[in-house]
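J.: A structural model of the following input is requested.
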Amino acid sequence: MNRPEPPSVLQTPGFAHYNLAWSPFHPARLAVASSANYGLVGNGRLHLTSVGIAPGIPGGQPTVNLDKQYDTQDGLYDVAWSEIHENQLVTGSGDGSIKLWDIMINDLPIRAWHEHTREVFSVDWSNIKKDQFISSSWDGSVKLWSPDRPRSLTSIQAHSACVYQALFSPHQPDIIATCSTDGTLKIFDLRMPTYALTTNSFTNPITAAALTIPASGTEILSLDWNKYKPFTLASGGVDKLIKVWDCRMVKLAPETASQQVQQVGGVCESQMAGHEWAVRKVQWSPHRPDLLASASYDMTCRVWSTNTPDGRGSLVYIHDPHTEFVVGCAWSLYQEGVLASCSWDCRVNVFRV
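T.: Numbering: from 1, shown residues only. Below you'll find the model as predicted:
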């Protein structure tokens, strides 16, 4: 197992971080969603940074510089770059709103939506249907959006409790996965909606899950699709474990009270233990199918390999300079082995694994 070199650090005093995202268009651009007072109350801030690699130095450490920032009336919990416009990105806020920003404009967002009734905890832009993104909220719903439409395209009552994260499949454009405080992972097919019989189906669509995975007896805080294996998901949560799931293994569940037949199952291929507190974020490498990064409340960011004979996975790297909860991590899309982490210590670290 490798120990970390000193990271490159960006400090944002007074604003604790919640997540960060690399631009799909520009290798150097990194956006960070932050909140004052640890996101409990107060303003939010969107930070736009540039990350550079020292020229002529193979394996040299990156440098991080703050380019621009935008203030919001409530805390920001997540950020996602547009897949169709290189200068645009979307954020999810504690007041239930979603805002679209253009980094060529200095002050206000260019569009805003407010349909969620509680905190928007995740946003994700489709890399296949590039004119769509989704949001998930503590109100239990997931909504599908187009940046050109004034209202959501579809609303899914995904869970009965908080939906911590919702992500498009990178392999199939109409498939999304969600995770929740109810301890389940769910997969939805947007092509197969069903409607509640007791409500107005045009205003209250409810989509039945194509697959439900009972992943944990505690809250699931994060998930991610493997970029090379279409049916493989990773999850992390309050039980401090990272689990890798094969979603092809399903069975038919008995009919529910609403007479909706659902599939349940999912086989846990590997389970990685090592974090001392809850796992707040998991993300597969975009460059290797067996490499997975995680961020935890134990103040570390870790890298794991799933390529082990016993199927348990192995810890290959620990990054531990943070002094508070590490809540976000993201692999660089262009520089293999470069990882960014963000924390409640108001620091963004960029380092090589």
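J.: pLDDT below threshold where in the chain?
T.: Residue ranges of the chain with pLDDT under 70: 1-7, 53-61, 193-207, 250-262, 311.
J.: so Ala209 touches Leu185, yeah?
T.: No. With contact defined as Cβ atoms under 8 Å, Ala209 does not count as touching Leu185 (9.4 Å). No exception for glycine: its C-beta is placed from N, CA and C like everyone else's.
J.: these two: which is more packed in?
T.: Leu185 (26 against 21; other Cβ atoms under 10 Å).
J.: wait, the more buried one sits on Ala166?
T.: No. The pair Leu185 and Ala166 does not pass the contact test of Cβ under 8 Å, sitting 10.8 Å apart.
J.: list residues touching both of the two?
T.: When contacts are counted by Cβ atoms under 8 Å, 6 or more residues apart in numbering, Leu185 and Ala166 have 177-178 as shared neighbours.
J.: neighbours around Lys68, how many?
T.: By the criterion of other Cβ under 10 Å, Lys68 has 14 neighbours.
J.: element containing the nearest residue to it once chain neighbours are set aside, please.
T.: With Cβ to Cβ, 6 or more residues apart in numbering as the criterion, Lys68 has its nearest non-adjacent residue at 4.4 Å, and that residue is Leu48. With elements taken from DSSP states H and E, the one containing Leu48 is strand 44-53.
J.: in that strand, what's buried?
T.: Applying a neighbour-count criterion of 16 or more other Cβ atoms under 10 Å, the buried positions in strand 44-53 are 44-51, 53.
J.: ok, that strand: who's next to it in the sheet?
T.: Next to strand 44-53 in the sheet, as set by DSSP bridges, lie strand 29-36 (antiparallel), strand 62-72 (antiparallel).
J.: any idea which of these is most buried?
T.: Neighbour counts (mean count of other Cβ atoms under 10 Å) averaged over each of the strands paired with strand 44-53 peak at strand 29-36, with a mean of 25.
J.: quick one: contacts of it?
T.: Strand 29-36 is contacted by residues 10, 12, 14-23, 42-51, 64, 75-79, 81, 89, 91-92, 94, 330, 340, 342, 346, 348, 350 when judged by Cβ under 8 Å, 6+ apart.
J.: quick one: distance of that strand to the chain centre.
T.: 13 Å (Cα atoms, centre = their mean, to the nearest Å).
J.: swap in stretch 79-87?
T.: That offset, for stretch 79-87, works out to 15 Å (Cα atoms, centre = their mean).
J.: which ones among the contacts of strand 29-36 map onto strands?
T.: Among the contacts of strand 29-36, the residues falling in strands (DSSP state E) are 10, 15-22, 44-51, 64, 76-79, 81, 89, 91-92, 330, 340, 342, 348, 350.
J.: nearest to Trp225, of the strands paired with strand 44-53?
T.: strand 29-36 (20.6 Å; Cβ to Cβ).
J.: end to end, how far does stretch 321-337 reach?
T.: With Cα to Cα, to the nearest Å applied, stretch 321-337 spans 18 Å between its terminal residues.
J.: for the remainder of this discussion, apply numbering that starts at 28.
T.: Happy to do that; since the first residue is 28 now, the last one works out to stretch 348-364.
J.: that one: which residues count as buried?
T.: 348-349, 352-360, 362, 364.
J.: then stretch 43-54?
T.: In stretch 43-54, residues buried by neighbour count (16+ other Cβ under 10 Å) are 43-51, 54.
J.: ok, now stretch 102-111?
T.: Neighbour counts using 16+ other Cβ under 10 Å place 102-110 of stretch 102-111 among the buried residues.
J.: and the end-to-end length of it?
T.: Start to finish, the residues bounding stretch 102-111 are 26 Å apart (Cα to Cα).
J.: same thing with stretch 181-195?
T.: Looking at stretch 181-195, the gap from its leading to its trailing residue is 14 Å under the measure Cα to Cα.
J.: next, the contact list for Ser321, please.
T.: If a contact means Cβ under 8 Å, 6+ apart, then Ser321 has 263, 269, 302, 306, 308-310, 328-331, 356 as its contacts.
J.: same deal with Leu37?
T.: Taking Cβ under 8 Å, 6+ apart as the definition of contact, the neighbours of Leu37 are 59, 74, 76, 91-93, 374-375, 377.
J.: now the two most distant members of those residues.
T.: The span of the contacts of Leu37, defined through Cβ to Cβ, is set by Asn92 and Arg374 at 14.1 Å.
J.: before we move on, back to that, in JSON lines, list the strands paired with strand 71-80 along with distance to Ser321.
T.: Conversion of these to JSON lines gives the following (distance: least, Cβ to Cβ, whole Å):
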{"stretch": "strand 56-63", "distance to Ser321": "18"}
{"stretch": "strand 89-99", "distance to Ser321": "20"}
